[in-house]
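Student: Test case, fold it:
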Amino acid sequence: MKRKIFFVCALLCCVLIPALAQEHAEGQETSSNSVKYIAAALAVGLSCIAGGIAVGRIGSAAMGAMSENPDLFGKALPYAGLAEGICLWGFLVALLILFL
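Tutor: Residues are numbered from 1 along each chain as shown. Below you'll find the model as predicted:
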């Protein structure tokens, strides 16, 4: 159920944001700035949501594996770090959108 709600919200954002940007562009010359801000917010927001979901699933699986074999801590830690890297990539993309 949560996935359906997420996909419906993402679809609405993909449909409504260009429509609002076009409506805003008809009245002002600075429509590219507003689209930049919305795109940067979407890049950070969606990547952080995805990173949180990934870290939650990886963390729970790692804790379950480490409860049976404590030697697996060193093998599970890099996977959690890779999942957190998704958020950093979203932040970098947002910076590129804003400054370029």
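
Student: Leaving out chain neighbours, which residue sits closest to Tyr37?
Tutor: Spatial nearest neighbour of Tyr37, chain neighbours left out: Leu98 (7.6 Å); criterion: Cβ to Cβ, 6 or more residues apart in numbering. Bear in mind the C-beta positions are built from the backbone N, C-alpha and C, glycine included.

Student: Report how many residues lie close to that neighbour.
Tutor: For Leu98, the count of nearby residues is 13 (other Cβ atoms under 10 Å).

Student: any idea which element it lies in?
Tutor: Element membership of Leu98 [criterion: DSSP states H and E] is helix 73-99.

Student: buried residues in that helix?
Tutor: Residues of helix 73-99 classed as buried: 76, 80, 83, 86-87, 90, 93-94, 97 (neighbour count, 16 or more other Cβ atoms under 10 Å).

Student: What helices and strands are in contact with that helix?
Tutor: When contacts are defined as 3 or more Cβ pairs under 8 Å, 6 or more residues apart in numbering; DSSP states H and E, helix 73-99 sits against helix 31-68.

Student: Flag every buried residue along the helix it packs on.
Tutor: Buried residues in helix 31-68 (16+ other Cβ under 10 Å): 31, 35-36, 38-40, 42-44, 47-48, 51, 54-55, 58, 62.
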